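Q: this one's structure only:
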Ligand SMILES: [Zn+2]
């Protein structure tokens with residue numbers, strides 16, 4: 001953006017100063033895309049640059065609701081101000097008295113101004129700039145950058161999200177991913193629906209009940225629900241019920257990401273309960289053996305191999321848990337459904353006899369949802385997208401402590417993950 005020098009408030013402006021002022025006004029008029037309005041004066045002050053705007057009497061104004069041309073002015077409103085982008089580090093502020101116009105279709109309405117959305121307190125250009133930065137920084141940092149307060153950034157993002165949700169493209173859905181996010185240590189939950197094919201977030205809803213997901217499917221409509229080919233989800237009964245009743249033809253896949261999460265949780269539970277049980281000396285021995293169990297066997301040095309074999313001879317629950325975990329992971333590589341099923345059956349059998357309570361619970365969960373687990377070999381939907389999105393949402397959640405309300409947190413998630421279109425300047 002070129003930055004014209006702004007003349008100091010002149011009492012008796014010389015010819016050259018007058019022409020310079022004129023060119024500044026023209027520059028601002030053009031950059032704001034003014035057609036029915038014009039810049040009356042530009043008054044630079046210490047902190048900001050005030051641009052006074054008025055309407056051109058010969059041009060028709062537009063209705064704020066339908067954007068239709070309106071000839072009759074009903075009333076002149078109080079003067080309002082809009083923050084705009086900065087010019088040479090000085091914020092531009094627009095002053096204008098909006099007109100109430102009589103629209104043929106909508107009745108008496110506030111006119112549409114070309115520089116801002118209806119009822120916005122900043123210009124569209126500033127809203128866009130704030131929104132773009134807020135995708136990468138926290139709201140606090142964004143506010144500091146633009147010298148706004150946190151609340152202004154929050155309301156800009158919420159507005160931008162509402163605009164984007166209204167105007168985003170509705171493309172056919174094939175691969176659906178459903179996940180949950182907890183806030184404030186399980187104080188409340190959000191249900192998140194992804195389009196796994198495009199790696200984009202589709203929908204965020206409060207809570208994680210069957211009704212929550214039903215709301216999503218109702219919004220989606222029956223026709224769009226019918227195109228869904230696969231639904232990936234966690235083994236959460238409420239979601240499963242909602243999917244079964246609204247997309248009955250789509251096969252359900254319990255995705256790899258969540259299964260591994262459950263498995264790791266089982267291993268960790270075993271490890272923690274064993275650590276509580278062990279005495280001091282045994283504890284220190286175990287602390288330094290974790291890497292032995294995680295390392296690939298062929299990478300071990302001779303002394304490490306010996307230590308590992310001692311450990312294995314002990315046959316402690318931790319070792320059994322690690323072996324079970326590693327053996328389970330082979331399941332992902334099978335190409336033939338029958339072989340995969342055989343492997344899983346054998347694994348579940350040995351896990352049930354392992355005398356490890358967390359694993360028994362895991363097996364019970366698997367048994368209850370076996371079809372959805374075995375679907376992996378057939379469908380092989382990559383869980384990369386889901387995992388990536390999950391991490392991104394965690395990042396958004398950690399980035400700011402300001403999301404005290406569900407409304408703001410939801411807006412932030414949509415803003416960072418849904419790739420919504422930003423408002424255009426018209
Ligand atoms: Zn109208």
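A: Arrived safely. Quantities reported herein were computed from a predicted structural model and do not represent experimental measurements. Numbers count the residues shown, from 1 in each chain.

Q: Confidence-wise, which helix or strand of this structure is lowest on average?
A: helix 290-294 (a mean of 67; mean pLDDT, DSSP states H and E).

Q: After that one, which helix or strand is next?
A: On the C-terminal side of helix 290-294, the nearest following helix or strand under DSSP states H and E is helix 302-314.

Q: Now do that next one: which elements does it pack against?
A: helix 290-294 (3 or more Cβ pairs under 8 Å, 6 or more residues apart in numbering; DSSP states H and E). In this view, the C-beta of every residue, glycine as well, is placed from N, C-alpha and C.

Q: Which parts of the stretch 151-300 of the chain are helices?
A: 210-220, 222-225, 237-246, 256-277, 280-287, 290-294 (DSSP state H, counting those that start in this stretch).

Q: and those as a markdown table, adding distance to residue 59 and mean neighbour count?
A: Shown next, in a markdown table, are the helices of the stretch 151-300 of the chain (distance: least, Cβ to Cβ, whole Å; neighbours: other Cβ atoms under 10 Å):
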| stretch | distance to residue 59 | mean neighbour count |
| --- | --- | --- |
| helix 210-220 | 41 | 18 |
| helix 222-225 | 43 | 13 |
| helix 237-246 | 51 | 17 |
| helix 256-277 | 58 | 16 |
| helix 280-287 | 78 | 12 |
| helix 290-294 | 73 | 13 |
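
Q: I'd like the ones you listed as a markdown table, with distance to the ion appended.
A: A markdown table is the format used below for those (distance: least, Cβ to the ion, whole Å):
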| stretch | distance to the ion |
| --- | --- |
| helix 210-220 | 27 |
| helix 222-225 | 31 |
| helix 237-246 | 38 |
| helix 256-277 | 49 |
| helix 280-287 | 72 |
| helix 290-294 | 66 |
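
Q: Now do the closest residue to residue 198 other than its chain neighbours against residue 200, distance only.
A: Spatial nearest neighbour of residue 198, chain neighbours left out: residue 171 (7.5 Å); criterion: Cβ to Cβ, 6 or more residues apart in numbering. Distance of residue 171 to residue 200, computed by Cβ to Cβ, to the nearest Å: 10 Å.

Q: between the two, who's got more neighbours?
A: The neighbour count for residue 171 versus residue 200, taken as other Cβ atoms under 10 Å, is higher for residue 200 (16 against 12).

Q: any idea how far the more buried one lies from residue 192?
A: 11 Å.

Q: What parts of the stretch 51-200 of the chain come near the ion?
A: Residues of the stretch 51-200 of the chain lying close to the ion by Cβ under 5 Å from the ion are 63, 65-66, 68, 103, 105-106.

Q: Next step: the residues you listed restricted to strands.
A: Among these, the residues falling in strands (DSSP state E) are 63, 103.

Q: that's a helix at residue 119, yeah?
A: No - Residue 119: not assigned to a helix; according to DSSP: H, G, I helix; E, B strand; the rest coil it is coil.

Q: Residue 23 is in contact with residue 42, correct?
A: No - look at residue 42 against residue 23 with Cβ atoms under 8 Å: they stay out of range, at 10.5 Å.

Q: between the two, which one's more packed in?
A: Higher neighbour count among residue 42 and residue 23: residue 42, with 20 against 12, using other Cβ under 10 Å.

Q: For burial, what's the neighbour tally of the closest residue in space to residue 102 that isn't next to it in sequence?
A: Leaving aside its sequence neighbours, residue 102 sits nearest to residue 72 (Cβ to Cβ, 6+ apart; 4.2 Å). Neighbour count for residue 72, taken as other Cβ under 10 Å: 13.

Q: Could you report the distance from residue 72 to residue 352?
A: For residue 72, the distance to residue 352 equals 81 Å [Cβ to Cβ].

Q: before we move on, what about residue 381?
A: Residue 381 is 28 Å from residue 352, by Cβ to Cβ.

Q: With neighbour numbers in mind, choose between these two.
A: Legend: neighbour count by other Cβ under 10 Å for residue 381 and residue 352, higher for residue 381 (21 against 14).

Q: how about the more buried one, what does it touch?
A: 175, 196, 230, 232, 253, 255 (Cβ atoms under 8 Å, 6 or more residues apart in numbering).

Q: Report how far apart the opening and closing residues of stretch 102-122 are.
A: Chord length of stretch 102-122, first to last residue, is 25 Å (Cα to Cα, to the nearest Å).

Q: in it, what counts as buried?
A: For stretch 102-122, the neighbour count (16 or more other Cβ atoms under 10 Å) marks 103, 109-113, 115-117, 120-122 as buried.

Q: in which helix or strand would I find residue 408?
A: When elements are assigned from DSSP H and E, residue 408 belongs to helix 406-417.

Q: distance between that helix and the chain's centre?
A: Relative to its chain's centre, helix 406-417 lies at 6 Å (Cα atoms, centre = their mean, to the nearest Å).

Q: Give me the mean pLDDT for that helix.
A: What helix 406-417 shows for mean pLDDT is 90.

Q: what's it in contact with?
A: 131, 134-135, 139, 154, 157-158, 160-161, 164-165, 181, 183, 188, 190, 192, 200-201, 204, 206, 389, 392-393, 396-397, 400, 402-403, 420.

Q: ChimeraX command to pick out the buried ones of those?
A: Of these, the buried ones go into a single ChimeraX selection, burial set by 16+ other Cβ under 10 Å:
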select :131,134,139,154,157,158,160,161,164,181,190,192,200,201,204,389,393,396,397,400,402,403,420
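
Q: In terms of pLDDT, where does the closest residue to the ion within the stretch 251-400 of the chain sit?
A: As assessed by Cβ to the ion, the ion sits closest to residue 396 within the stretch 251-400 of the chain, at 37.6 Å. Looking at residue 396, its pLDDT stands at 85.

Q: Fine by me, we can end here.
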